[in-house]
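Q: Turn this into a model:
(one chain, ligands or ions: 1)
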Amino acid sequence: MKTFVPNYYKEFNCIAQKCKHNCCIGWEIDIDEDTLSYYENLKGKFSRKLKQGIEYNDDCACFRLDGKGRCSFLNEKNLCDIILNLGEESLCQVCSDHPRFRNYYSDRIEMGLGLCCEEAGRIILNQDIPFSLVLLDDDGCEDERDNDDFGEYRENLFEMLNDPTNTISEKINQFSTYCKIEIPKLSKDEWVDLFLSLERLDDYWSVVLNQLKETEIGDIEIPEIFNKQFENLLKYFTYRHITVKGDSEVFFFILTSYHMIEMLCKMHIKNYGDLTSDYIVEYCRLYSSEIEYSDENIDEIIEILYKNEP
Ligand code: SF4
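A: Alright, predicted model coming up:
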């Protein structure tokens, strides 16, 4: 089986203590069975602390979070005590994978970086060269492709998104026509109310949403210098979420997400007078952590806006 990754994949390295939004804060991390058994059977100095930092729920075990939502093993320098004491190879699957994701197909695995990590977001959104896939690994086993026309279908989408002769708004229109999906014509306040009704991870998301509600963005345009970031955003969503042909709910989610992030950037321009690629990365990171990484929230958006059209 071959494993493919985007051409920028190898640029990623976790920036650890330099990270402003450490992924070891606020997330409940499930420990896979093999790692849990290794932790439970560990002997030695660190083993007591390790066991105390694990909590057991009905169907899984996870790392205990402190009152501020920090993982028990994230030390005061924002470094991981498990890595420091036992080495990186002792991390559980979720910790060693993050922010990478995997999509499984019959003949290959595709991996990528997730937008909820600020460093991954910076790499994904600031790419200057067209998106392409490169081979990361090949175990030598050949598997049959059982979904032949999906490859061509997705290639057409990427061809459209990579086309340098079209503006980003033309690409969005083409994308929407290609998938025959239109985003609902809601007012900005209705969008905000919908997102405020969803489960929220970080209070800062509520602050940003309320700020959007209070800001008049009608006449604001995103400067063309940021076309690249928005195009890369669309490519990221396409690569990560379109895994079968013609899944209209996924297309709907992508267009809705794009629209929401665009509104947040317009709000930023209106309130602060300018925009930078770092702020675009930050709004994408925030959106991704709150919405893209929550299956419940994605389902809720689709249920309310798509299945029961308002
Ligand atoms: S969010 Fe990304 S850069 Fe920050 S600590 Fe996690 S993996 Fe590292």
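Q: can you list the residues of the chain near the ligand?
A: Within the chain, the positions near the ligand by C-beta under 6 Å from any ligand atom are 14-16, 19, 21-23, 98-99, 117-119. All C-beta atoms are positioned from the backbone trio N, CA, C, and that covers glycine.
Q: Residue 288: which of these is nearest?
A: residue 117 (8.5 Å; C-beta to C-beta).
Q: Neighbours of that closest one, how many?
A: Residue 117 has 24 neighbouring residues, counting by other C-beta atoms under 10 Å.
Q: Repeat that for residue 168.
A: 20.
Q: Pretty sure it sits against residue 229.
A: No - between residue 168 and residue 229 there is no contact under C-beta atoms under 8 Å: 9.2 Å.
Q: which residues are common contacts for these two?
A: The contact sets of residue 168 and residue 229 do not overlap (C-beta atoms under 8 Å, 6 or more residues apart in numbering).
Q: mind listing what residue 233 touches?
A: Per C-beta under 8 Å, 6+ apart, neighbours of residue 233: 124-125, 258, 261, 284.
Q: from the residues you listed, which two are the most distant?
A: 124 and 258 (14.1 Å).
Q: quick revisit: and the contacts of residue 233, which of them are in helices?
A: Mapping the contacts of residue 233 onto helices (DSSP state H) picks out 124-125, 258, 261, 284.
Q: who's in contact with the worst-scoring helix or strand of the chain on mean pLDDT?
A: One helix or strand of the chain scores below all others by mean pLDDT, DSSP states H and E: helix 148-162, with a mean of 87. Where contact means C-beta under 8 Å, 6+ apart, the residues beyond helix 148-162 that reach it are 105, 130-131, 145, 166, 171, 174-175, 178, 231, 234-235, 238, 242, 244-246.
Q: circling back to that earlier point, top of the contacts of residue 233 by number of neighbours, please.
A: Result: residue 124 is most packed of the contacts of residue 233 (other C-beta under 10 Å), 29 neighbours.
Q: ok, that one touching residue 236?
A: Yes - with contact defined as C-beta under 8 Å, residue 124 counts as touching residue 236 (5.1 Å).
Q: joint contacts of these two?
A: Going by C-beta under 8 Å, 6+ apart, residues that sit against residue 124 and also against residue 236 are residue 115.
Q: for the residue of the stretch 101-250 of the chain found nearest the ligand, what are its contacts?
A: Nearest residue of the stretch 101-250 of the chain to the ligand: residue 117, at 3.2 Å (C-beta to the nearest ligand atom). Residues in contact with residue 117 (C-beta under 8 Å, 6+ apart) are 14, 19, 23, 98-99, 285.
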